[in-house]
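J.: what's the 3D shape of this:
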Amino acid sequence: DVQHFKIGLLIHKVIEEYHVASHNSFEDMLILLDKHWKNYKFIYKQQEQQERKDSKEMLENYWNYIQLNPTSQPLIEYAFSFQVDDLILTGMCDRIDVDVDNNITIIDYKTSKKAQTEKQLKNNIQLGIYALLSQLDGINFGGKRIKSMPKKLVMLYLRNKNPEVQVAFSEDEISKLVKKIKEVSLNIRSGKFPTNKSMYCDWCDYKNLLCPEFG
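T.: Below you'll find the model as predicted:
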């Protein structure tokens, strides 16, 4: 629902500020949580208590993850815009890590309750675009642009104690994703928006207006 969407934005903001300000303790995360929590209003006290508990657990899962997978100079909220043929792909990566050997890891945070498998992520257009970004446009790091296929692409499902699901794409898999991206673009330009009923319908502004699945 809308409240879960807002909590997702909150968690992203806390993690972003934590890294940008170079904090180094879980207590710092909780202080940032308190800071931003004041901006959220709840109808029911019980709901607020549950959301607060869930938010703290997600941040704890992230904290434990970065203890096992430390990063020194992550690129946070990395904005990009690059061209593939006649398409311009624009977006933002939650976090990008570049190690001493210039290996690139691109990380996305998820606060949804259901995690995807590695097999499912092989068809994830979002991660495919990140791979294309790294390979074709490159990552601007330390005053230089590094172009290479990411060593790994990671989805962190923060509601899980072991949040990481990682994937790496082959050249053939990237080619298939580019084809899929072009098909989506063509459909958009042609005004074709086939319905696809799923868990994401709760966030759709059009389901009660013109969607035949909800007509």
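
J.: rest of the way, CA atoms for contacts and neighbours
T.: OK.

J.: before we move on, what SS does residue 96 have?
T.: With DSSP: H, G, I helix; E, B strand; the rest coil as the basis, residue 96 sits in strand.

J.: that one touches residue 104, doesn't it?
T.: Yes: using CA atoms under 8 Å, residue 96 makes contact with residue 104 at a distance of 7.1 Å.

J.: do I have it right that residue 73 meets residue 97?
T.: Yes: Residue 73 is within contact range of residue 97, at 7.1 Å (criterion: CA under 8 Å).

J.: so between the two, which is more surrounded?
T.: Neighbour totals were compared for residue 73 and residue 97, and residue 97 leads with 20 against 15 (other CA atoms under 10 Å).

J.: list the contacts of that one.
T.: Residue 97 makes contact with 71, 73-75, 104-107 under the criterion CA atoms under 8 Å, 6 or more residues apart in numbering.

J.: let me see the mean pLDDT of the longest helix belonging to the chain.
T.: When the chain is parsed with DSSP state H, its longest helix is helix 45-68. For helix 45-68, the mean pLDDT works out to 94.

J.: and for stretch 162-173?
T.: Averaging pLDDT along stretch 162-173 gives 93.

J.: list the buried residues of it.
T.: 163-169 (16 or more other CA atoms under 10 Å).

J.: now swap in stretch 103-114 and tell me
T.: 104-111.

J.: and the residues you listed, which is closest to residue 28?
T.: Nearest to residue 28 out of these is residue 109 (CA to CA; 18.9 Å).

J.: which residues touch the helix or strand harbouring that closest one?
T.: If you go by DSSP states H and E, residue 109 is part of strand 104-110. In this structure, residues lying in contact with strand 104-110 by CA under 8 Å, 6+ apart are 8, 12, 93-98, 130, 134, 148-158.

J.: in strands, which of these appear?
T.: Using DSSP state E, the members of those that fall in strands are 93-98, 152-157.

J.: now those: which count as buried?
T.: Applying a neighbour-count criterion of 16+ other CA under 10 Å, the buried members of the ones in strands among the contacts of strand 104-110 are 93-98, 153-157.

J.: now the two most distant members of these.
T.: Maximum pairwise distance among these (CA to CA): 21.2 Å, between 98 and 157.

J.: quick check: the most centrally placed residue in the chain vs residue 121, distance?
T.: The chain has residue 108 as the residue nearest its centroid, 3.2 Å off, counting by CA atoms, centre = their mean. Residue 108 sits at a distance of 12 Å from residue 121 (criterion: CA to CA, to the nearest Å).

J.: just give the nearest non-adjacent residue to residue 102, would you?
T.: Spatial nearest neighbour of residue 102, excluding adjacent residues (CA to CA, 6 or more residues apart in numbering): residue 146 at 7.2 Å.

J.: tell me the pLDDT of the one you found.
T.: pLDDT recorded at residue 146 is 96.

J.: I am finished for the moment; much appreciated.
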